[in-house]
Structure formats: structure tokens, C-alpha cells
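Asker: Got a predicted structure plus its sequence, pasted below:
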Amino acid sequence: MVCREEKQTMKIKFTWKIWLLIFILALSLLSIFGFPPRIFEKGVIIKSVEQNSTAFEQGLRIGQTIIQVDNFPVQNLDDFSKSMQGKFISGENIKTIIKTADVEYIFFSNKMPEITVSDIPKTNIKTGLDLSGGARALVKAKEQSLSLNEINDLVDITKNRFNVYGLSDMNVVSVSDLTGNNYMLIEIAGATPKDLEDLISKQGIFEAKIGDELAFSGGNKDISSVSRSGQESGVYSCDVDPSGGYYCNFRFVIYLSEQAAKNHAEITSRLGNNESNPGYLSKQLDLYLDGKLVDSLWISEGLKGRVTTQIMISGSGQGETRDDAIKNSELEMKQLQTILITGSLPYELEIVKLDTISPTLGKEFTRLILIAGFAALLIVSLIILFRYRKWKSSLSSIFISTSEIIITLGVASLIQWNMDLASIAGIIAAIGTGVDDQIVILDESRQSKSLSIKERLKRAFTIILGAYFTALVSLLPLMWAGAGLLKGFAITTFIGITVGVLITRPAFMDMIKRTEE
């Protein structure tokens, strides 16, 4: 009899619910670490490139991975710093060879490449400012209340302005509070509160100049309309870039006011043709934002001295692949269109709340959370072991709780959700809810012996479903509470408890059913 029981306990039978959990767990690990795993990638990733710099002109772009500088292997940020250390002290033009994962760039300059780089993230999990460090501001318009459409327009304008300043690690979104007030939430990694305050305080001025003469300004005063779709707007051709990769051309039509058209005609009437390219005038149309050059466009000779309210704007975008070039061209076109439509921020802004977070604090907090989470799981498993006297139930509880964490992080990686301190708190809350549900399942499985184990577990799941919908309703107000600052907690908790109800709880019930039969 004893031998038969021992033989039965050695037998393992996975139900489809357990196999489903294992399958989704594997997909979550792939979502977190990528394939091949990013932990094995070497090099540094470009976070920003100063526009109109030598590095930008040669083709370096945000997102590229640098693996070598002057035949010096670059595996991390320290290697990159060492490769540049002391290189440009003489002030003379120095040859620099930067090799990315796909292309090699050679350029001459008397100063360091105007780029910022960082170590390659080891996972696909995006961390918010609470963990990566930076500044956060909650902003509203002074002395007026903005509608949802107005705040969304303001978000687009602000994103475009920050792109001009070479800021890439940023998050600009519209948020609302429970009273219906609309705000703009700005988060910039690596920035100080003073940097953020300076950027927001500048309302911004767009100017289009031909030489030193102002042709027209952005906004409704000089630009009556900008085509953003249809035949008058879009990417129309792509080709191989001789320096590597691809480039795609875009064009769109803008409509000037009558006065702006006359001013443009008067300036162009005094220009000659370009010597190297006779199809265009001798000077370009230079676009400035806050006094900084953002683009230069050639003026067709057919527009010389001509009063026309319709002007074709063209440009191009580059990329390592054709798809990247198309995507970058569409992005640059949208940014340019936004500048031409708005020019400057339409409202004077004020900062409601301004915060800063140290990346050191974030890393320390993460370490403590991991220790606390591991200790909590261990304590819970010991309590279950002491309470129910079954080590299988204890191990199942640890496995299920760990699975919920991994799947939640996998979903967050898949949807590119920023994990901040509120999101971590949401994971902890979801784990607590999961442990409560496990206790319900274990208690119900040992009650009412007159019922079959299947009926007992069914009753337990009914209790869990009731608690799930109650928690779901209670999380909804947190999506807007505090002007959206608790949104991370609400969404992460929702993901965690939903994963539990749909995936891990059914698998846990099958595990308990096996031990109780």
C-alpha cells in the first residue's frame, strides 16, 4: 500500500490549464528578455543626436548601437568614455571611426561627437523616472481651463519642441483629475527640475527666414492651413543612401495668408538662381524654433517673385532599412507640420507640481523591493506549509506567485508600459490579492467533504470572481485620481489580478485538485 502511494506521488500529470500557464510564462520571458536575450548584447545605444551636427550629417541616429570606436571594442558605457578620453584635446580636426551594429561612419571634427549614449538595457522593461532618474512636471495653462482637444494639441506641440532640443527619453501625455481639469504631464530622464522649468517657461517662436529676412511665422497669422493627409501630403519616393542605409523623400502643401504670400514674393524677387542647382533659388528657406535652426528647404525658381498662397514643402528622412527610412520620414514630416501649424505654444503655462528623482534612489528602492518580495513569498509559503501540512501546496503557491510577477512584467514589456514606483506597488498589491485567492482555494478544497473536490473548487472560484470584479471597480477611479499620477498602480494591478483570474488561479486549482484527490 505504501509503495503504491509513493509511486502515485511520483507520477506527474499536467492538465491543459497548467500547460497553458507554462506556455504563457515562456512567452512572457521572451517578451522581457527578447530573442536572442538582450542580456548578451554588447555596446552602447545612442539616446540623442544634436541636429545639424557633424554626427547627424554623417548619419548617426537615435536608437543605433555603437560597438566600436577607432577599432576599439565598445561593450559598455565605460568603454565608450575611454575611447573618447583625451582624443580632442588638441583642438584640431581628428578622424573618428564609429561602427554601429550595421554601418561604419567616418568623420572629421575638432570636438567629441554631439551625441549622448547609455548602456544597452538588459531587458525590454521600460522604467519610469522613479527608477531611471530625471524630472517630472505637472503643467496647466495659466488663467484658463483647456478642453481635451486643446490639451492634446498642446502635448503634440510640446513633444515637437523637446525633440528640437535633442531630448529623447521623455514622456509627455495628457492627464485629467476627478473634477474634469486637464493637465499635461512631462517626464524627462536625466533632466533636472531647473532644466525642465526653463524649457516649459519658454513659449517658443517659429520663424521662416530667407537669408536674414523674415518670410513668415508659424501659427494662424501667416499660415492658414497645412495639408496633413491625402495627395498633398506624404512620402513619395525612397532610394539607397550612398553613405549607407536608405533615405525617403516627403512633401506636403502649406497655404500662406495673403500678406505672408506677398512678403515671400517680395523677398524671392531679389534672389538669383543657385549656381550648382539652377532649378532652385540662391538662398534657402530656413526654419527656426526659439532661434535654433531646425531645417533648411530649397525654394523652386518658379516661386521667384510670385505671389502664391500655396507652397510645396519637401524634405527627407534616413534609416538603416527602407521601413526605418519611411518611418523616420513620416515622423520628420509630422514634426515639421506641427511647427508650421503652431509655431509657438498657444498658451502661457504654469507648473502645478515639479519633482525630481535620483536614479540611485530608484535602484536602491528596486533592490529593497526585490528583497522584500522574496522574503514575503518565503514567509507566505512557510505559513501555508505550517497551516496545511503539505509541502506541495507550499511550492505551488511560490510557483504561482512568481509566475504572476513574470507574466505581469511580460505584458508590461509587450505594451511598452513604463514601470514606475506606482506600478511596482501595483504588482505587490496583485501578489497580495493572489495569495488571498490561494488561501480561499486551499480552505474551500478542505471544507464540505460531502461535496466533490471539483464542486468545492468551483465554489472557491465563484468567490474569487466576486472579489475580482469588486477590485476592478475600485481601481477605475485611480485612473484619474491625482491627475493620473496613480494610473501606473491601477493599470499594473489590473493586469496582475486579470492574469490571476484567467491563467494562474485555474492552474493552481488543478494543482490542488491533484494533491487532494
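Answerer: Good, I have the coordinates.
Asker: all helices of the stretch 201-350 of the chain, in order?
Answerer: Secondary structure of the stretch 201-350 of the chain (DSSP state H, counting those that start in this stretch): helices located at 258-268, 322-342.
Asker: got those as JSON lines, with mean pLDDT columns?
Answerer: Listed next are these as JSON lines, based on pLDDT from 0 to 100:
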{"stretch": "helix 258-268", "mean pLDDT": "89"}
{"stretch": "helix 322-342", "mean pLDDT": "77"}
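Asker: which one of those helices is the most hemmed in?
Answerer: The highest mean neighbour count among these belongs to helix 322-342 (a mean of 19), with neighbours defined as mean count of other C-beta atoms under 10 Å. To be clear about C-beta, it is placed using only N, CA and C from the backbone, and glycine gets the same treatment.
Asker: Please put the alpha-carbon coordinates of that helix into PDB.
Answerer: In PDB, the C-alpha atoms belonging to helix 322-342 read as follows (Å, rounded to 0.1, in the frame of the first residue of the first chain):
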ATOM      1  CA  ARG A 322      13.700  51.000 -46.100                       C
ATOM      2  CA  ASP A 323      11.000  50.700 -43.400                       C
ATOM      3  CA  ASP A 324      13.000  52.700 -41.000                       C
ATOM      4  CA  ALA A 325      13.600  55.400 -43.600                       C
ATOM      5  CA  ILE A 326       9.800  55.600 -44.300                       C
ATOM      6  CA  LYS A 327       9.000  55.700 -40.600                       C
ATOM      7  CA  ASN A 328      11.600  58.500 -39.900                       C
ATOM      8  CA  SER A 329      10.400  60.500 -43.000                       C
ATOM      9  CA  GLU A 330       6.800  60.300 -41.800                       C
ATOM     10  CA  LEU A 331       8.000  61.400 -38.300                       C
ATOM     11  CA  GLU A 332      10.000  64.300 -39.500                       C
ATOM     12  CA  MET A 333       7.200  65.400 -41.800                       C
ATOM     13  CA  LYS A 334       4.700  65.300 -38.900                       C
ATOM     14  CA  GLN A 335       7.100  67.300 -36.700                       C
ATOM     15  CA  LEU A 336       7.600  69.900 -39.400                       C
ATOM     16  CA  GLN A 337       3.900  70.200 -40.000                       C
ATOM     17  CA  THR A 338       3.300  70.700 -36.300                       C
ATOM     18  CA  ILE A 339       5.900  73.500 -36.200                       C
ATOM     19  CA  LEU A 340       4.300  75.200 -39.200                       C
ATOM     20  CA  ILE A 341       0.800  74.900 -37.800                       C
ATOM     21  CA  THR A 342       1.600  76.200 -34.300                       C
END
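Asker: Name the surrounding residues that touch that helix.
Answerer: When contacts are taken as C-beta atoms under 8 Å, 6 or more residues apart in numbering, the neighbours of helix 322-342 outside the stretch itself are 61, 153, 156-157, 160, 163, 206, 218-219, 223, 226, 228, 233-235, 238, 245-250, 252, 254, 287, 289, 294-295, 313, 315-319.
Asker: and after the host helix or strand of S423, which helix or strand comes next?
Answerer: Assigned by DSSP states H and E, S423 falls within helix 421-445. Next in sequence after helix 421-445, counting helices and strands by DSSP H and E, comes helix 453-475.
Asker: Which strands or helices does that following helix pack on?
Answerer: helix 421-445, helix 487-499, helix 505-516 (3 or more C-beta pairs under 8 Å, 6 or more residues apart in numbering; DSSP states H and E).
Asker: Surely S394 forms part of a helix?
Answerer: Yes. The secondary structure assignment for S394 places it in a helix, going by DSSP: H, G, I helix; E, B strand; the rest coil.
Asker: is it true that it touches R387?
Answerer: No. Between S394 and R387 there is no contact, the gap being 9.4 Å when judged by C-beta atoms under 8 Å.
Asker: Quickly list what's touching both of the two.
Answerer: Taking C-beta under 8 Å, 6+ apart as the contact rule, S394 and R387 touch no residue in common.
Asker: More neighbours: these two, which one.
Answerer: Taking S394 and R387 together and counting by other C-beta atoms under 10 Å, S394 has the greater number of neighbours (20 against 13).
Asker: who touches the residue nearest to the more buried one when sequence neighbours are not counted in this structure?
Answerer: Take S394 and drop its neighbours on the chain: the residue closest to it by C-beta to C-beta, 6 or more residues apart in numbering is L385, 4.0 Å away. The neighbourhood of L385, defined by C-beta under 8 Å, 6+ apart, consists of 391, 393-394.
Asker: ok, back up a step: nearest to L178, of the helices and strands packed on helix 453-475?
Answerer: Smallest distance to L178 across those (C-beta to C-beta): 12.6 Å, for helix 487-499.
Asker: Restrict the closest one to CA atoms and write it as PDB.
Answerer: As requested, C-alpha coordinates have been extracted for helix 487-499 and formatted as PDB (Å, rounded to 0.1, in the frame of the first residue of the first chain):
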ATOM      1  CA  LYS A 487      -2.500  55.400 -13.300                       C
ATOM      2  CA  GLY A 488       0.500  53.100 -13.100                       C
ATOM      3  CA  PHE A 489      -0.800  51.500  -9.900                       C
ATOM      4  CA  ALA A 490      -4.200  51.000 -11.400                       C
ATOM      5  CA  ILE A 491      -3.100  49.500 -14.700                       C
ATOM      6  CA  THR A 492      -0.500  47.200 -13.200                       C
ATOM      7  CA  THR A 493      -2.800  45.900 -10.500                       C
ATOM      8  CA  PHE A 494      -5.500  45.300 -13.200                       C
ATOM      9  CA  ILE A 495      -3.000  43.300 -15.300                       C
ATOM     10  CA  GLY A 496      -1.900  41.300 -12.300                       C
ATOM     11  CA  ILE A 497      -5.400  40.400 -11.000                       C
ATOM     12  CA  THR A 498      -6.600  39.600 -14.500                       C
ATOM     13  CA  VAL A 499      -3.700  37.300 -15.200                       C
END
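Asker: mind listing the strands in the stretch 251-400 of the chain by residue range?
Answerer: Read by DSSP state E, counting those that start in this stretch, the stretch 251-400 of the chain holds these strands, from start to end of the chain: 285-289, 292-297, 310-319, 349-357.
Asker: Quick check: which of these has the most neighbours on average?
Answerer: strand 285-289 (a mean of 20).
Asker: Which strands or helices does that one pack on?
Answerer: With contacts defined as 3+ C-beta pairs under 8 Å, 6+ apart, the secondary structure elements packing on strand 285-289 are strand 206-210, strand 292-297, helix 322-342.
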